[in-house]
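I'll drop the sequence and a predicted model, then ask my questions.
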Amino acid sequence: MARYKDVDTQPRFLPIDLARQLQPGTFEHALNQLLDQELDLSSFDTRFCNDATGASAYPPALLLKVVLFAYSRGIVSSRAMAAACREQVTFMALIGDRAPHFTTLAGFVRSLGDDIARIFTQVLYICDRQGLIGREMFAIDGVKLPSNASKARSGTRAEFERQAVKLEAAVQSMLQRHRAEDRRAAAPDVAAKTSQRIERLQHEAADLRRWLRQNPDERRGSRGTVRKSNRTDAESAKMATSKGVIQGYTGVAAVDGKHQIIVEAQAHGTGSEQELLVPVVRAMRDVLAPDSLISADAGYHSEANLKQLAELQVSALIADNGMRKRDERFATQARHKARPDPLYDKSPTTKSTRLYQPKDFDYDPVRQTCVCPAGNKLYRNGSDCVFRGYAAVKFRGTVRDCVPCEQRDRCLRSPQTSRTRQVAFFKGKAASAPVSHTDRMKQRIDTPEGRALYGRRFAIVEPVFANLRHNKRLDRFTLRGRVKVNAQWQLYCLVHNIEKLAHQGYAQ
């Protein structure tokens, strides 16, 4: 019968050289080299006034090692970080025998603020020194992530006012029932539960009233529209995603095309990507070369954004919503969208309308004639009309045909006041209309060269988000407030860049 050696996995003291646990080419080795030899962390010294009195503080380099290495392993909780410092050998190799308490780690992450932006810039300089930034093409994109805020606590001031009134009315009604039950000598447990519920509702109503007093103005967007506020995190926003509505922030990243280095990272409490393009481009002006190209998807497209990029003299390829409809390569995309999806249905929803559209009319552009769905001929009352820069031909029905027509309800928006139907058929851009920035972008992106360049955008930026979200397990922000969330987003992007340095042979 075969005999095997016993395997003993009981705890024991082992002679381990901690320095040899940080192997060259690994993330932890590059992180240790950066924070001990390369980066300037003197800005953290201003936090402490313990040179003469007080206890000694943990070095900022040690705390950064713990946080960044934990993020690279998908560990976000400060308690889990503190436990790893006591139990995992690699953490011990980075920090020695100085295992910080979880409250120290949590407070350090919350207070990073602008300090992490300076570290991000220094690491970016080292990436450039190593030749990892090509400056030929940058891809900008964002990801919407939930934050540490309750979606149920979102609303406008008017909605919060109605909630407060409803809560106060419920409290009064419950108090009346409670007094009636007291007179009837109700059971003690029922009275206790009623009192607890009244106290909770009173607390919620008082909290609402306090918030309304402290925030007398509505939160508004860039165009002056009212946005819903959140009483848990006032700077977060309710956003619609493909997987539902979330309460959170949008993390935006600008990625270089050579080695997928993140050159700019920002987090904003808005779901409108159009507002985020220009701030990101302005922040990365020092990285741009005169011939650098910036690409972004249709979510960042607007005439105002293209105008500002032209004023900044930045070359860009920004897709519009109709780009794929003009591209013959996507001619069969409808059949793929119609396929059932286990998470959500991508097929477009059909909106029922009772009014006839121009496509329902029989228009002959050669003979310049038009026949309505009821079979009546319309007369032309404008052959060279211009609507918002587009040339059109107008037709109108006659009174003798439209007034007695039995299909007025399906043809006219207001059949009680409108007597005849008017319809217009567009012929394209008017010759007198000025060429907009959107028209120039369409002409550029529809060329074979433009399509080839724009096609690189997906391969540049999407693997970065896949690394952060899947490999690093970034599924939500754990902090509140834009400054703190922005610092946490930059910490994750910093992990990505240090990982790239390690893979490219840094400090070997």
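Yep, that arrived.

hang on, residue 240 is in a strand, isn't it?
Yes - with DSSP: H, G, I helix; E, B strand; the rest coil as the criterion, residue 240 is part of a strand.

That one bridge partners, please.
Assessed by DSSP bridges, residue 240 has beta-bridge partners residue 245.

And it, how far from residue 159?
With distances taken as CB to CB, to the nearest Å, residue 240 is found 18 Å from residue 159. (C-beta placed from N, C-alpha, C; glycine too.)

How about residue 420?
Distance, residue 420 to residue 159, by CB to CB: 43 Å.

Of the two, which one has the most company?
Neighbours of residue 420 and residue 159, each counted by other CB atoms under 10 Å, are more numerous for residue 420; the result is 17 against 12.

quick one: the more buried one and residue 395 touch, right?
No - counting by CB atoms under 8 Å, residue 420 sits too far from residue 395 to count as a contact (10.3 Å).

for the stretch 1-150 of the chain, what spans make up the helices?
With DSSP state H, counting those that start in this stretch, the ranges of helices along the stretch 1-150 of the chain come out as 27-33, 60-72, 78-87, 89-95, 102-110, 115-129.

between the ones you listed, which one is nearest to residue 54?
helix 102-110 (14.7 Å; CB to CB).

Name the residues of that closest one that come out as buried.
Within helix 102-110, the residues that count as buried by 16 or more other CB atoms under 10 Å are 104, 105, 106, 108, 109, 110.

Show me what it is in contact with.
58, 60, 63, 66-67, 78-79, 81-82, 479, 484, 487-488, 491 (CB atoms under 8 Å, 6 or more residues apart in numbering).

can I have that helix written out in CSV, keeping just the CAs?
Taking Å, rounded to 0.1, in the frame of the first residue of the first chain, the C-alpha atoms of helix 102-110 are listed here in CSV:
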residue,chain,number,x,y,z
PHE,A,102,-9.0,50.3,10.1
THR,A,103,-10.1,53.8,11.4
THR,A,104,-6.7,55.2,10.4
LEU,A,105,-7.1,53.8,6.9
ALA,A,106,-10.7,55.0,6.5
GLY,A,107,-9.8,58.5,7.7
PHE,A,108,-6.8,58.6,5.4
VAL,A,109,-8.8,57.7,2.3
ARG,A,110,-11.6,60.2,3.2
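
need the contact list for the residue lying closest to residue 442 once chain neighbours are set aside.
Spatial nearest neighbour of residue 442, excluding adjacent residues (CB to CB, 6 or more residues apart in numbering): residue 320 at 6.4 Å. Residues near residue 320 by CB under 8 Å, 6+ apart: 298, 301, 438, 441, 442, 445.

Output the below-cut-off pLDDT ranges for the stretch 151-300 of the chain.
Counting by pLDDT under 70, the stretch 151-300 of the chain has low-confidence residues at 181-191, 222-223.

err, the stretch 301-450 of the chain, not the other one
In the stretch 301-450 of the chain, residues with pLDDT under 70: 336-353.

Could you give the number of residues near residue 268?
In terms of burial, residue 268 registers 23 neighbours under the definition other CB under 10 Å.

ok, it to residue 118 distance?
Residue 268 sits 20 Å away from residue 118 when distances are taken as CB to CB.

what's the burial count for residue 149?
For residue 149, the neighbour count with other CB under 10 Å is 26.

Revised request: answer the last question for residue 397.
Residue 397: 23 neighbours (other CB under 10 Å).

and it, what does it touch?
When contacts are counted by CB under 8 Å, 6+ apart, residue 397 touches 372, 376, 378, 420, 421, 422.

try 6 Å
The contact partners of residue 397, taken as CB atoms under 6 Å, 6 or more residues apart in numbering, are 378, 420, 421.

Quick check: phi and psi at it.
phi -80, psi 160 (degrees, to the nearest 10).

Can you tell me the closest non-neighbouring residue to residue 460?
Nearest non-adjacent residue to residue 460, counting by CB to CB, 6+ apart: residue 139, 4.0 Å away.

Which pLDDT value goes with the one you found?
We have a pLDDT of 96 for residue 139.

Mind checking which residue lies nearest the centre of the protein?
The chain has residue 250 as the residue nearest its centroid, 2.4 Å off, counting by CA atoms, centre = their mean.

Which of the three states applies to that residue?
Residue 250 - assigned by three-state DSSP - is strand.

Please report the distance of it from residue 481.
Counting by CB to CB, the gap from residue 250 to residue 481 is 15 Å.

same thing with residue 202?
Distance, residue 202 to residue 481, by CB to CB: 28 Å.

Repeat that for residue 224.
Going from residue 224 to residue 481 by CB to CB gives 24 Å.

With neighbour numbers in mind, choose between those two.
Taking neighbours as other CB under 10 Å, residue 224 and residue 481 compare with residue 481 leading, 18 against 6.

Quick check on the more buried one: phi, psi?
Phi and psi for residue 481, reported as degrees, to the nearest 10, are phi 90, psi 140.

That one: what's it in contact with?
residue 235.

Which pLDDT value goes with it?
At residue 481, the pLDDT value in this model is 92.

now do residue 65
Listed pLDDT for residue 65 reads 96.

Can you report how many residues neighbour it?
Count around residue 65 with other CB under 10 Å applied: 22.

my guess is it meets residue 92, correct?
No - using CB atoms under 6 Å, residue 65 is not in contact with residue 92, being 11.1 Å away.

JSON lines for the helices of the stretch 1-150 of the chain, including distance to residue 254?
JSON lines is the format used below for those (distance: least, CB to CB, whole Å):
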{"stretch": "helix 27-33", "distance to residue 254": "22"}
{"stretch": "helix 60-72", "distance to residue 254": "20"}
{"stretch": "helix 78-87", "distance to residue 254": "29"}
{"stretch": "helix 89-95", "distance to residue 254": "30"}
{"stretch": "helix 102-110", "distance to residue 254": "24"}
{"stretch": "helix 115-129", "distance to residue 254": "11"}
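
Nearest to residue 215, out of those?
Nearest to residue 215 among these is helix 102-110 (22.7 Å), distances taken as CB to CB.

now the angle between helix 60-72 and that closest one, please.
Put simply, helix 102-110 runs at 90 degrees to helix 60-72, going by axes from the mean of the first three to the mean of the last three CA atoms, to 10 degrees.

please begin residue numbering at 33 from this point
I'll keep to 33 as the first residue from here, and by that count the last item is helix 134-142.

Phi, psi for residue 410 please.
Torsion angles at residue 410 (phi, psi; degrees, to the nearest 10) stand at phi -100, psi 150.

What sits closest to it if chain neighbours are left out?
Spatial nearest neighbour of residue 410, chain neighbours left out: residue 427 (3.9 Å); criterion: CB to CB, 6+ apart.

that's a helix at the one you found, yeah?
No - Residue 427: not assigned to a helix; according to three-state DSSP it is strand.

Need the buried residues of helix 134-142 in JSON lines (columns: pLDDT and distance to residue 71).
Output for the buried residues of helix 134-142, formatted as JSON lines (pLDDT from 0 to 100; distance: CB to CB, whole Å):
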{"residue": "136", "pLDDT": "95", "distance to residue 71": "20"}
{"residue": "137", "pLDDT": "96", "distance to residue 71": "19"}
{"residue": "138", "pLDDT": "95", "distance to residue 71": "22"}
{"residue": "140", "pLDDT": "94", "distance to residue 71": "16"}
{"residue": "141", "pLDDT": "95", "distance to residue 71": "17"}
{"residue": "142", "pLDDT": "93", "distance to residue 71": "21"}
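
Run through the strands of the stretch 133-282 of the chain in chain order.
169-178, 186-187, 251-252, 258-259, 261-262, 269-273, 276-288 (DSSP state E, counting those that start in this stretch).

Perfect, I'm done here.
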